[in-house]
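Asker: sequence first, then the predicted structure, then my questions.
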Amino acid sequence: SAVISQKPSRDICQRGTSLTIQCQVDSQVTMMFWYRQQPGQSLTLIATANQGSEATYESGFVIDKFPISRPNLTFSTLTVSNMSPEDSSIYLCSARGNSNYGYTFGSGTRLTVV
Amino acid sequence: KQEVTQIPAALSVPEGENLVLNCSFTDSAIYNLQWFRQDPGKGLTSLLLIQSSQREQTSGRLNASLDKSSGRSTLYIAASQPGDSATYLCAVPYNNNDMRFGAGTRLTVKP
């Protein structure tokens, strides 16, 4: 299965600033996703990162707040914009080949907004 | 809508015990089910992937079973060790691309 390198692993940011999280996959994958995990909660899908086009966002998430890029089949970024303390969470990227394969996750980015 | 439930929410056992974690899902039309491990503040590590045509998968001390018709899966951990302490999540595909996760079982194995 694919291996995903995600960075940064953690960051402490000032409110009002933005942070970009990167994920690099060691092989070409069909699908890439971004998840948020709030403290004590399970994972919530933010968006599907589409190669060469705009991401598909889930209800409650918007492009202005969470812009996503996916320039090729191995790389994607998520930006958390104009951060507030409520954005403090773990952010995870995920990748999947075809539907017969499972999902692989990055090591997560632990974000604290102060 | 797919709902995934995991019980128990937390489990504490002495080292060496065999244990079973449970996962149930409401929509049995799945093509696979995946078990993950998550250490505090970290990402998810895939443990086992069971295709819908399979009944179980084994990896070392881990064995996962799948009963699609009843909407259940179990993760069996043999001879538990303190290093097994983590949160265990099960997940099923939903709406083609999304995954639905259970809330997880937080396992503590005491030396």
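Answerer: Okay, I see it. Numbers count the residues shown, from 1 in each chain, chains lettered A, B, ... in the order given.

Asker: run through the residues that contact the residue nearest to the spatial centre of chain A.
Answerer: Centroid check for chain A by C-alpha atoms, centre = their mean gives A:W34 as the closest residue, at 3.3 Å. Residues in contact with A:W34 (C-beta atoms under 8 Å, 6 or more residues apart in numbering or on different chains) are A:45-47, A:49, A:55, A:66, A:68, A:76, A:78, A:91-94. C-beta coordinates here come from the backbone N, C-alpha and C atoms, glycine included.

Asker: adding neighbour count, write those residues out as TSV.
Answerer: Compiled in TSV, those are given as follows (neighbours: other C-beta atoms under 10 Å in any protein chain shown):
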residue	neighbour count
A:L45	22
A:I46	23
A:A47	22
A:A49	24
A:A55	21
A:F66	19
A:I68	24
A:S76	30
A:L78	28
A:Y91	23
A:L92	26
A:C93	29
A:S94	28
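
Asker: now flag whichever of these is closest to A:S1.
Answerer: Taking C-beta to C-beta as the measure, A:S94 is the one of those closest to A:S1, at 11.5 Å.

Asker: give me the nearest residue to residue 108, chain neighbours excluded.
Answerer: Picked chain A for this. Nearest residue to A:G108, sequence neighbours excluded (C-beta to C-beta, 6 or more residues apart in numbering or on different chains): B:G43, at 3.8 Å.

Asker: hmm, I had chain B in mind actually
Answerer: Setting aside the residues directly before and after it, B:T108 is nearest to B:S12 in space (C-beta to C-beta, 6+ apart), at 4.4 Å.

Asker: that neighbour and chain A, how far apart?
Answerer: Distance check for B:S12 against chain A: by C-beta to the nearest C-beta, to the nearest Å, it reads 18 Å.

Asker: same check on B:D98?
Answerer: Counting by C-beta to the nearest C-beta, the gap between B:D98 and chain A amounts to 5 Å.

Asker: which residues does the closest residue to that residue other than its chain neighbours bridge with?
Answerer: Excluding its sequence neighbours, the residue lying closest to B:D98 (C-beta to C-beta, 6+ apart) is A:L45, at 5.1 Å. When bridges are called by DSSP bridges, A:L45 pairs up with A:Y35.

Asker: okay, A:L45: pLDDT?
Answerer: As predicted, A:L45 sits at a pLDDT of 92.

Asker: contacting residues around B:L47?
Answerer: B:35-37, B:59, B:62, B:64, B:75, B:88.

Asker: can you narrow these down to the ones near chain A?
Answerer: When contact is defined as C-beta under 8 Å from any C-beta of the partner chain, the contacts of B:L47 meet chain A at B:F36.

Asker: list just the nearest of the contacts of B:L47 to chain A.
Answerer: The nearest member of these to chain A, counting by C-beta to the nearest C-beta, is B:F36 at 7.4 Å.
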